[in-house]
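Asker: I would like the atomic coordinates for the input below:
(one chain, ligands or ions: 2)
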Amino acid sequence: MSANLGETTSLPGAGQPRAGAVRGGPRLIPVGGGKGGVGKTFLVTNLAASLARMGYRVVAVDGDLEGANLHTCVGIQQPRVSLADYVAHREEDIAKLLLDTPIRNLRIIAATRGNLATPQPGHGRRVQLMRDLRRLDADIVLLDLGAGTHPAVMDYFMVGEEGIVVIAPEPTSVENAYSFIRAAFYRRLRLAMGSHDVRRVITMAMDERNERGIRTPHDLLKEVQALDTAEGHRFVDTMRAFRPRLLINEVRTAEDVKLGFSIRSVCRRYFGIEAEYLGYVNHDDRARRSVRDRRPLVDVDPRCDAAVYIGRMARKLAASTQAPRTDRGGATR
Ligand SMILES: Nc1ncnc2c1ncn2[C@@H]1O[C@H](COP(=O)(O)OP(=O)(O)OP(=O)(O)O)[C@@H](O)[C@H]1O
Ligand SMILES: [Mg+2]
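Answerer: Numbers count the residues shown, from 1 in each chain. Ligands and ions are numbered 1, 2, ... in the order given. Got it, this is the predicted structure:
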């Protein structure tokens, strides 16, 4: 699947210590999770609205060209421009895709009117998109990803080390989350490595049934160290820098809450990576209602538990971001 990708074209941010490679540019936070319908768009909408309420200039980007619906969640019915225009080279200036929303400080880039024949941008265009997003005049850019582990989804997820993985407390979602983290991890490793031979071994290890018998990242590390000591060090650095953030959505029981901790320890034991348990959001019928009303829950009902938990996570996310700059807010009411 990845054979058509330019392996040596590294994505901005991949393998670097922190998102926000362009000094002074916005922080990019991708939100994925592998499985469809787990609440990615709902959470992007509400985290974005929470951060905007706190005074950050936020842009929420709908990266799901095949199932675009972020615009609906913020009350925009017919976006006049969208990411599809950028993908089709009808618009080169990403800033012209920005749409104001009814929420102060929150703008979006919608993703509609795609070309059904070629909905996904090629690798080169994706790299360009990530670079352009880093140049937006904003504090935080949240990127809503589609389901699955398509190379386009994984490329977007790798723009920063702190992408959010949304998981529902059900076996299918947990399984997909592991596949998602695994895909992100191996892809990140491959892009970080300079040696062609090492990249070839990583590509081989991506096939779970590879004949070399590489079953875990630790097996892979041994292979890489044997091939090239310097690359072995880079491998370990990449492992340490990758810190996906886990978010459990639609929690109903105390067991569901604990899931975040158990996934975190599996990540540590199996991948050798330190995932962060960002938090959880309880199941709440008001969430569904807010989507139907095309308004973020944190706006409609800021005191309900789900909105309070989302607000808490937004504050956690904001903790490593510079102070709000409301005086330069580009969004309108
Ligand atoms: N905490 C929650 N409680 C109740 N309902 C929720 C919660 N979170 C999300 N939902 C509902 O689940 C549905 C799916 O959510 P959403 O569209 O955000 O999922 P998604 O992961 O973006 O899906 P896709 O992969 O198809 O884009 C929506 O109707 C939403 O209102
Ligand atoms: Mg979605």
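
Asker: list the contacts of the residue of the stretch 101-250 of the chain found nearest ligand 2.
Answerer: Per Cβ to the ion, residue 144 is where the stretch 101-250 of the chain lies closest to ligand 2, at 5.9 Å. (Each C-beta comes from the backbone N, C-alpha and C, glycine too.) Contact partners of residue 144, counting by Cβ atoms under 8 Å, 6 or more residues apart in numbering, are 31, 40, 41, 44, 60, 61, 62, 63, 64, 70.

Asker: let me see the mean pLDDT of the host helix or strand of the third one.
Answerer: Per DSSP states H and E: residue 41 is located in helix 40-53. When pLDDT is averaged over helix 40-53, the result is 97.

Asker: in it, what counts as buried?
Answerer: Neighbour-count burial for helix 40-53 flags 40-53 (criterion: 16 or more other Cβ atoms under 10 Å).

Asker: now, which of those lie close to ligand 2?
Answerer: 40, 41 (Cβ under 5 Å from the ion).

Asker: quick check, nearest of the buried residues of helix 40-53 to residue 228?
Answerer: Ranked by distance to residue 228 (Cβ to Cβ), the buried residues of helix 40-53 are led by residue 40 at 37.5 Å.

Asker: before we move on, back to that, torsion angles phi and psi at the residue of the stretch 101-250 of the chain closest to ligand 2?
Answerer: phi -90, psi 120 (degrees, to the nearest 10).

Asker: got the contacts of residue 144 as JSON lines, with distance to residue 137 columns?
Answerer: Listed next are the contacts of residue 144 as JSON lines, based on distance: Cβ to Cβ, whole Å:
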{"residue": "31", "distance to residue 137": "21"}
{"residue": "40", "distance to residue 137": "25"}
{"residue": "41", "distance to residue 137": "24"}
{"residue": "44", "distance to residue 137": "20"}
{"residue": "60", "distance to residue 137": "15"}
{"residue": "61", "distance to residue 137": "14"}
{"residue": "62", "distance to residue 137": "19"}
{"residue": "63", "distance to residue 137": "20"}
{"residue": "64", "distance to residue 137": "24"}
{"residue": "70", "distance to residue 137": "20"}
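
Asker: okay, who's weakest in the residues you listed by pLDDT?
Answerer: Out of these, that is residue 64, at 87.

Asker: and for the nearest residue to it once chain neighbours are set aside, the neighbour number?
Answerer: Nearest non-adjacent residue to residue 64, counting by Cβ to Cβ, 6 or more residues apart in numbering: residue 146, 3.7 Å away. Residues contacting residue 146 under the criterion other Cβ atoms under 10 Å number 22.

Asker: report the secondary structure element holding residue 146.
Answerer: Counting by DSSP H and E, there is no helix or strand that carries residue 146.

Asker: was I right to think it contacts residue 63?
Answerer: Yes. Between residue 146 and residue 63 there is a contact at 6.7 Å, judged by Cβ atoms under 8 Å.

Asker: now the lowest-mean-pLDDT helix or strand in the chain - C-alpha only, CSV.
Answerer: Scoring the helices and strands of the chain by mean pLDDT, DSSP states H and E places helix 151-157 at the bottom, with a mean of 88. Extracted in CSV, the C-alpha atoms of helix 151-157 (Å, rounded to 0.1, in the frame of the first residue of the first chain):
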residue,chain,number,x,y,z
PRO,A,151,-1.3,6.1,4.2
ALA,A,152,-3.0,9.5,4.0
VAL,A,153,-4.4,9.2,7.5
MET,A,154,-1.1,8.0,8.9
ASP,A,155,0.8,10.8,7.3
TYR,A,156,-1.5,13.3,8.9
PHE,A,157,-1.2,11.6,12.3
